[in-house]
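> When you get a sec, could you give me coordinates for this:
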Amino acid sequence: MTLNININNFQGPFDLLLHLIKKNEMDIYDIKIHEITNQYMEYLNEMKEIDLEVTSEFIVIAATLIEIKSKFLLPKSKDEEEEEKDPREELVSKLLEYKKFKSVASYLRQKQEESGIVFSKKPEIIEDKEDNNRDILKGITMLQLYNLFCKLMNDYDNKLNHNNVYLSEISVDEYKVEDKMEDLLNGVKHKKILHFSEIIKGCHNKLEMVVTFMALLELVKLRSIKIHQESNFKDIFMERIEGYEEN
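The predicted structure is shown next:
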């Protein structure tokens, strides 16, 4: 198991260097060695009771910083300046690599913390149920299918207004509410209870059905008849109100 040693909130010398670079708002590719070295040494002087292995790591980087600083202070000839590489190059390369690994470690730590609040569903065996629709036509003959088709088409055809299919205008005077009111009153005279469905069956088209229903509502409004319906979409029963006299 790896031992993670943390000193003054810095996990190793490179972590301290990155902190100083960020604190001084420096470009990592253009580190001011003089300032960074002085501040780095101040941190080392403040550390007390440090683990020996960790101390050696910090001291190695401190020696590297001092070496780079000394190279900048020593005078050089023009030829040496042109041929010699930047003494900070190797240190910058290591810092960039450390920064990259630190970023990846932070990302993985975040994912590990997020995984602790995820609740996954346990796997289950899904049974392969037989398709019952495959046998839906089992035992049905072609003649039965044909009769069913004809019945459906006939029911659909009965709902159409055949009298007005090819007409651009609907005759307003073809059916009158007053006439239908009189027909309904005559109907309840002969029968104590009259089914509205029976009246509708005698209608020739939708327009006549609508006018008949409007006549029914008008008679209820005038308290000429009373109606009953057990529930929605059930048949309507019409009954004459006792004592009603026509004007």
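
> nearest spatial neighbour of residue 181, skipping sequence neighbours?
Nearest residue to residue 181, sequence neighbours excluded (C-beta to C-beta, 6 or more residues apart in numbering): residue 215, at 4.4 Å. Heads up, the C-betas are built off the backbone N, CA and C, glycines and all.

> Quick check, that neighbour in contact with residue 180.
Yes: with contact defined as C-beta atoms under 8 Å, residue 215 counts as touching residue 180 (3.5 Å).

> which residues of the protein fall in helices?
13-23, 33-46, 52-73, 78-83, 89-115, 142-158, 177-190, 196-201, 206-221 (DSSP state H).

> Now tabulate those in a markdown table and tack on distance to residue 231.
Formatted as a markdown table, those follow (distance: least, C-beta to C-beta, whole Å):
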| stretch | distance to residue 231 |
| --- | --- |
| helix 13-23 | 77 |
| helix 33-46 | 87 |
| helix 52-73 | 86 |
| helix 78-83 | 102 |
| helix 89-115 | 55 |
| helix 142-158 | 23 |
| helix 177-190 | 22 |
| helix 196-201 | 15 |
| helix 206-221 | 18 |
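
> Model confidence for residue 133, exactly?
Note on residue 133: pLDDT of 58.

> for the residue nearest to residue 67 when sequence neighbours are not counted, what are its contacts?
In space, and not counting its chain neighbours, residue 67 is closest to residue 87: 7.6 Å by C-beta to C-beta, 6+ apart. Shown in contact with residue 87 (C-beta atoms under 8 Å, 6 or more residues apart in numbering): 67, 68, 71, 72.

> Next one: residue 20 relative to residue 37, how far apart?
10 Å (C-beta to C-beta, to the nearest Å).

> typo on my end, residue 152
Counting by C-beta to C-beta, the gap from residue 152 to residue 37 is 95 Å.

> more neighbours, these two?
Ranked by neighbour count (other C-beta atoms under 10 Å), residue 152 and residue 37 place residue 37 first, with 20 against 10.

> Show the contacting residues for residue 113.
No contacts exist for residue 113 under C-beta under 8 Å, 6+ apart.
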